[in-house]
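Student: I need the structure of the sequence given here:
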Amino acid sequence: MATFSTNKPSLLSSTQTKSLITGIQGREQANTIIPAARNINQPIFVDLDDKPAIASVVRGGFKVPSVLPDNGRLEAFLSGLQIREPTREPRVLDQNIAAGTRVSVGTEVDLILAPREDINIGIFDDIHIDVKDTSIGELLDRVKDQNDLRGLVLKYENANDVEENDKLILTDMLGQFAGININEGKPGQGFSNAFNSVRVALAFK
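Tutor: Numbering: from 1, shown residues only. The predicted structure is shown next:
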């Protein structure tokens with residue numbers, strides 16, 4: 001009979017594998033998957049570790065302790081709070097490992113966070129000259145109630161994809177609500193600059 005470690009994956013011999021599969025036929029084994037098309041003579045790894053993944057957070061060079069409040073006292077505390085949209089909540093501005101990079105378990109990732117009110121939108125590329133010295137928080141405040149504008153900007157990945165009718169609507173709305181006036185004849189004042197400016201800001205919404 002096969003024996004399993006509760007702390008790490010076990011390597012089964014072909015004989016043990018046959019016994020394991022025979023035993024599984026009569027009942028389901030939770031969290032154990034035996035590929036149907038796999039060669040029976042190949043070793044099969046069965047991970048029996050039921051420990052949850054734990055994130056290790058480091059702040060200021062020190063590991064942040066993991067703490068849990070009492071559920072009853074937490075609910076009582078939260079019930080007395082007034083719900084409001086955060087305005088100074090920080091957003092991730094950069095990180096030492098590029099987004100989308102596959103990393104191994106236990107890899108430390110340094111995040112740079114800042115309130116959107118403190119982030120000058122001019123640090124990004126292709127920003128309209130009318131808002132290049134404006135904070136992301138301020139630009140978001142200008143368009144926060146303009147759901148149609150937000151919907152049209154987020155409908156497209158880039159300015160070149162915007163359909164002509166939507167481009168006309170956005171041109172008007174960007175000037176009226178965001179304070180971005182489009183002039184294709186001048187550098188830094190084109191539609192693409194205006195579109196990208198609002199799209200960047202919405203990434204921090």
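Student: any chance you could map the strands in the protein?
Tutor: 10-11, 45-46, 58-59, 62-63, 90-95, 111-115 (DSSP state E).
Student: what's the closest of these to residue 133?
Tutor: strand 111-115 (16.6 Å; CB to CB). Placement of C-beta: from N, CA and C, glycine included.
Student: which one's the longest helix in this structure?
Tutor: Taking DSSP state H as the criterion, the chain has its longest helix at helix 164-177.
Student: so where is this protein shaky, pLDDT-wise?
Tutor: 1-55, 59, 84-87 (pLDDT under 70).
Student: Just the helices from this protein, written as ranges.
Tutor: 14-25, 71-79, 136-143, 147-155, 164-177, 191-202.
Student: Hmm, residue 128 is touching residue 191, no?
Tutor: No - counting by CB atoms under 8 Å, residue 128 stays clear of residue 191, with 9.2 Å between them.
Student: Can you check which residues contact both of those two?
Tutor: By CB atoms under 8 Å, 6 or more residues apart in numbering, residue 128 and residue 191 have these common neighbours: residue 182.
Student: what about those two, which has more around it?
Tutor: Higher neighbour count among residue 128 and residue 191: residue 128, with 27 against 19, using other CB atoms under 10 Å.
Student: Pick the most buried one from the helices of the chain.
Tutor: Highest mean neighbour count of the helices of the chain: helix 191-202, a mean of 22 (counted as mean count of other CB atoms under 10 Å).
Student: Put the alpha carbons of it into PDB.
Tutor: Extracted as PDB, the C-alpha positions of helix 191-202 are listed here (Å, rounded to 0.1, in the frame of the first residue of the first chain):
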ATOM      1  CA  PHE A 191      -6.900  63.400 -30.200                       C
ATOM      2  CA  SER A 192      -4.500  60.500 -29.400                       C
ATOM      3  CA  ASN A 193      -2.900  62.700 -26.700                       C
ATOM      4  CA  ALA A 194      -6.300  63.500 -25.200                       C
ATOM      5  CA  PHE A 195      -7.500  59.900 -25.400                       C
ATOM      6  CA  ASN A 196      -4.300  58.500 -23.800                       C
ATOM      7  CA  SER A 197      -4.400  61.100 -21.000                       C
ATOM      8  CA  VAL A 198      -7.900  60.100 -19.800                       C
ATOM      9  CA  ARG A 199      -7.200  56.400 -20.300                       C
ATOM     10  CA  VAL A 200      -4.100  56.600 -18.100                       C
ATOM     11  CA  ALA A 201      -6.000  58.400 -15.400                       C
ATOM     12  CA  LEU A 202      -8.800  55.800 -15.500                       C
END
